[in-house]
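# model this:
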Amino acid sequence: MKKVNLRWLLWLTAVLFTISLAACNQTDAPAPTGVAVADTAVPTQTPLPTATPIPPCEPFTNPAANPPANVPGYSYQVVNSYPHDADAFTQGLLYVDGVLYESTGIKRTPSSLRQVDLTTGEVTQFLDVGSEYFGEGLVLWQDKLIQLTWQNHVAFVYDRDSFERINTWEYDTEGWGITHDGRCLIMSDGTSTLYFRDPDTFTEVGRLTVQDQNGPVVRLNELEYIDGEIWANIWQTNRIVRIDPATGQVIGSIDLTGLLDPATADQPVDVLNGIAYDAENGRLFITGKLWPTLFEIELVPQGNN
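Numbering: from 1, shown residues only. Model prediction:
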């Protein structure tokens, strides 16, 4: 019979004792209740900006035509002047995002749609509208440029960036000037009437008769919407009228006589026509048909007419 190794026997006894003791002291662990989630703050996300809803262009009842009792008069002060293409028979003008857009009729050049650098007068983008069309007023609505024609009874809708023609609208009157009030397009036809049209369909929704203290104001031409007012060139005059869009009453008359001295031009010029407004900086730009200069002006009050 072999002798048992005493050292090995003592080691085995100690191990068994330790295991037995651990088993006696063990307690049941609680059952898990779910996946553990680290206690970390959820990052706050800034909501994406949403586009401001555009008020609908709704039909309205044409207000009664009542002449105002008197009309404040204004002259002007030249703030700055810029070169302008003397071959551009300016019919529509607007300024947005640091760029001039211009519509021209047929005279020395074909009817066109243009993008123009204000400072240099350089035409940076050009579209020949076609010899069969006489280009007229111009307005930017959303991302689309809308150009009237004179007696063709059509308006062209272009992509603002590419000048690609994307739509054509028809109308019964002549086309002279066009602007918008944030809801409706506003159009002139050379009479004393302003037509309000839906910007998505060009459907007429209402009209105004424009009157000053002497009665209806005819030959309304190029239009611009400035600080809640409609401004209009009066064809074959040096006058711009400021119109209340709710009533059609003239609430201001601007005399621009002497703004351009024809003697300073290298070739014959035509009448004053072209109003553009830099809404961001409050700058007012004026030019005319075949004028070599575009002027930035400020108004000077002159009392009532």
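# In three-state terms, label the nearest residue to residue 149 once chain neighbours are set aside for me.
Distances taken as Cβ to Cβ, 6 or more residues apart in numbering place residue 133 nearest to residue 149, at 4.9 Å, with adjacent residues excluded. From N, CA and C alone the C-beta is placed, and that goes for glycine too. Assigned by DSSP: H, G, I helix; E, B strand; the rest coil, the conformation of residue 133 is coil.
# Surely residue 133 touches residue 148?
No. With contact defined as Cβ atoms under 8 Å, residue 133 does not count as touching residue 148 (9.9 Å).
# check contacts around residue 82.
The contact partners of residue 82, taken as Cβ atoms under 8 Å, 6 or more residues apart in numbering, are 118-121, 293-296.
# ok, now residue 159?
Listed by Cβ under 8 Å, 6+ apart, the contact partners of residue 159 are 143-145, 166.
# Kindly report the same for residue 183.
Taking Cβ under 8 Å, 6+ apart as the contact definition, residue 183 lies against 54-58, 199.
# hang on, the earlier thing: looking at neighbours, which among the contacts of residue 82 is most surrounded?
Within those, neighbour counts (other Cβ atoms under 10 Å) peak at residue 294, which reaches 27 neighbours.
# Pairing partners for the helix or strand hosting that one, with directions?
Taking DSSP states H and E as the definition, one finds residue 294 inside strand 293-304. If you go by DSSP bridges, strand 293-304 pairs up with strand 72-83 (antiparallel), strand 283-288 (antiparallel).
# Flag every buried residue along stretch 260-279.
Of the residues in stretch 260-279, those buried by neighbour count under the rule 16 or more other Cβ atoms under 10 Å are 260, 269, 271-278.
# ditto for stretch 56-69
Buried positions in stretch 56-69, judged by neighbour count with 16+ other Cβ under 10 Å: 57, 65, 67-68.
# so which pair among those is furthest apart in space?
In the buried residues of stretch 56-69, the most distant members under the criterion Cβ to Cβ are 57 and 67, with 27.1 Å between them.
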